[in-house]
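K.L.:
predicted model and sequence below, questions to follow.
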Amino acid sequence: MEENKTSTWEEYRKRTHVIGRVVSAVTLVMLVGAPFLMGKILGAYPDLGAVARAFLSVGLVWLVSSVAEFLIYTPMLGSGGKF
């Protein structure tokens, strides 16, 4: 009985991990790609140098916050909580 629970838990954990990675990748592509696609359709591309500088200033704070949240919440929420 205990072995069955362990195998079920491992199967759930692996499936959750795969689903989480796929959804994370699709979301990242959509979030990054949507502005470029809209710019292409509308013919209104922003200056990529200005975009990079703006992202860098916000991205540094976001990166530190994301790492801290991952390290704090993953042990509490389990494999489903990190995605």
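P.N.:
Noted; the coordinates are in hand. The model shown is predicted, which means the values in this text are computed figures rather than measured ones.
K.L.:
what about the residue nearest the centre of the chain, which helix or strand?
P.N.:
Compute the mean C-alpha point of the chain, and by C-alpha atoms, centre = their mean the closest residue is Ser24, 4.2 Å away. Element membership of Ser24, judged by DSSP states H and E, is helix 2-42.
K.L.:
tell me how far that helix lies from the chain's centre.
P.N.:
8 Å (C-alpha atoms, centre = their mean, to the nearest Å).
K.L.:
cool, and stretch 46-59?
P.N.:
The answer for stretch 46-59 is 20 Å, by C-alpha atoms, centre = their mean.
K.L.:
list of residues touching that stretch?
P.N.:
With C-beta atoms under 8 Å, 6 or more residues apart in numbering as the contact definition, stretch 46-59 has outside contacts at Gly39. C-beta: built from backbone N, CA, C; applies to glycine.
K.L.:
can you give me the buried ones in that stretch?
P.N.:
By neighbour count on 16 or more other C-beta atoms under 10 Å, the buried set for stretch 46-59 is empty.
K.L.:
in the protein, where is pLDDT below threshold?
P.N.:
By pLDDT under 70, the weakly predicted segments of the chain are 1-2, 79-83.
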